[in-house]
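*Asks:* from the sequence below, what's the structure:
(one chain, ligands or ions: 1)
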Amino acid sequence: MEDYNRILDDILHTVNSVDTPGNVASYIPELAKIDPFKFGVSLQFVNGETYNAGDYDERFSIQSISKVFTLSMAIQCIGDKVWDRVDVEPSGDPFNSLVQLEHEEGIPRNPFINSGAIVICDILLSELENPKDDYLQFMHDLQGSDKIQYNEEVFKSEKSMGYRNVAMANFIKSFKNIHNKPEDVLDFYFYTCSLDMSCVELAWCFQLFAQHGKCAPDGTLFLEPNQIKRINALMLTCGFYDESGEFAFRVGLPGKSGVGGGIAAVLPGEFSIAVWSPKLNEKGNSAKGMHALELFTTHTEKSIF
Ligand code: DON
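*Replies:* Residues are numbered from 1 along each chain as shown. Below you'll find the predicted structure:
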């Protein structure tokens, strides 16, 4: 029987003893204020056993991890029609790249790069009467309380500086793959990215992907197992942008990162795990977070491979 408390404590000490290079995201000015030395982890098995270490209870900006939740909602709304609007291939380019859109007629490579998530937000804007409220309600249902909220400072900060996303939304609109006004789509997209969540809350919400579509608080089926299979496959192949291969190679779990320094991942049928450490490597993924997850799957031999 593994002593997971000890394993997580050992990982915490190991990652904290290495002077990991990297920088806190600064292109969203509000994120530059975060203490770069934070580190938290929460491991939650599908039977409810939970193990935590470090700053596991402190909330941080989930940023691109939101892309998994908005994709889940879009699939709930329109099912397979989502795939007429976004592709399912790794991009091999940075998360905020525009280059492929020009040759691929405004169809983003996948829903986990910015262009793909912006199209997903456009779908939700067309389908939902109150997209922001419905998104927050989706998160509250997943988490089983109404504690998760958006961070207004982060939202405004990104909205005031998000020039590249503005260019991207307008460019996609020129190919007619955005149906609403680009400014409305971006207002919703920035909102989805600006939620603050802790490692415990994230790992709990990621039980959806560990439990084949069941919502952890009450066991309701939110998505079909086959839809979760696809989302998990996309997390494995596209969840870390142009570092997805490296993450699969080193960690071996489907997961999703955000520039707030969070990473959430799952071993389907077994556990979800969320880590947070704000310093990012050059690809925009949490440097210590990746290191911690690599240590975890290597030591426990718990990966999908
Ligand atoms: O749109 C952006 O640039 C941010 N709101 C989210 C980017 C992000 O988290 C990419 N992560 N690695």
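*Asks:* give me the nearest residue to residue 61, chain neighbours excluded.
*Replies:* What sits nearest to residue 61 in space, not counting adjacent residues and going by C-beta to C-beta, 6 or more residues apart in numbering, is residue 260, at 3.5 Å. (C-beta placed from N, C-alpha, C; glycine too.)
*Asks:* the ligand contacts on the stretch 151-300 of the chain?
*Replies:* By the criterion of C-beta under 6 Å from any ligand atom, the positions of the stretch 151-300 of the chain lying close to the ligand are 158, 165, 193, 257-259, 284-285.
*Asks:* and those, which are buried?
*Replies:* Under a neighbour-count criterion of 16 or more other C-beta atoms under 10 Å, the subset of these counted as buried comprises 158, 165, 193, 257-259, 284-285.
*Asks:* just say helix, strand or coil for residue 263.
*Replies:* strand (DSSP: H, G, I helix; E, B strand; the rest coil).
*Asks:* right, and it touches residue 293 too?
*Replies:* Yes. Applying C-beta atoms under 8 Å as the test, residue 263 and residue 293 come out as touching, 6.6 Å apart.
*Asks:* make TSV from the residues of the stretch 151-300 of the chain next to the ligand and add secondary structure and pLDDT to it.
*Replies:* Conversion of those to TSV gives the following (DSSP: H, G, I helix; E, B strand; the rest coil; pLDDT from 0 to 100):
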residue	secondary structure	pLDDT
158	helix	95
165	helix	97
193	helix	98
257	strand	98
258	coil	97
259	coil	97
284	coil	93
285	coil	96
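*Asks:* nearest to residue 204, of these?
*Replies:* When those are compared for distance to residue 204, the smallest value, 16.6 Å, is given by residue 258; criterion: C-beta to C-beta.
*Asks:* report the contact partners of that closest one.
*Replies:* 61-66, 193 (C-beta atoms under 8 Å, 6 or more residues apart in numbering).
*Asks:* ok, for it, nearest residue in space, not its chain neighbours?
*Replies:* residue 63 (3.3 Å).
*Asks:* and that neighbour, how many neighbours?
*Replies:* 25 (other C-beta atoms under 10 Å).
*Asks:* what separation do you get for the residue nearest the centre of the chain and the ligand?
*Replies:* Residue closest to the mean C-alpha point of the chain, counted by C-alpha atoms, centre = their mean, is residue 65 at 1.5 Å. Computed with C-beta to the nearest ligand atom, to the nearest Å, the distance linking residue 65 and the ligand is 7 Å.
*Asks:* who are the contact partners of that residue?
*Replies:* The contact partners of residue 65, by C-beta under 8 Å, 6+ apart, come to 202, 256-258, 260, 262-264.
*Asks:* quick one, helices of the stretch 1-150 of the chain?
*Replies:* Assigned by DSSP state H, counting those that start in this stretch, the helices in the stretch 1-150 of the chain fall at 4-17, 66-78, 99-103, 114-127, 131-143.
*Asks:* show the average pLDDT along the shortest one.
*Replies:* If I follow you right, that is helix 99-103. When pLDDT is averaged along helix 99-103, the result is 95.
*Asks:* do I have it right that the residue nearest to residue 61 meets residue 31?
*Replies:* Yes. In this structure residue 260 lies within contact range of residue 31 using C-beta under 8 Å: 6.2 Å.
*Asks:* report the distance from stretch 100-119 to the chain centre.
*Replies:* Once both centres are worked out by C-alpha atoms, centre = their mean, to the nearest Å, stretch 100-119 turns out to sit 17 Å from its chain's centre.
*Asks:* coming back round to it: and residue 260 and residue 31? which has more neighbours close in?
*Replies:* Neighbours around residue 260 and residue 31, counted as other C-beta under 10 Å, are more numerous at residue 260. The numbers are 28 against 23.
*Asks:* for that one, give me its contacts.
*Replies:* Each residue near residue 260 by C-beta under 8 Å, 6+ apart is listed here: 25, 31, 34, 60-63, 65, 276, 278.
*Asks:* looking at those, spot the one nearest the ligand.
*Replies:* For the contacts of residue 260, the residue nearest the ligand by C-beta to the nearest ligand atom is residue 63; the value is 3.3 Å.
*Asks:* ok, the closest one to residue 276 distance?
*Replies:* When distance is defined by C-beta to C-beta, to the nearest Å, residue 63 is 11 Å away from residue 276.
*Asks:* do me a favour and get the end-to-end distance for stretch 200-214?
*Replies:* The distance separating the two terminal residues of stretch 200-214, taken as C-alpha to C-alpha, to the nearest Å, comes to 18 Å.
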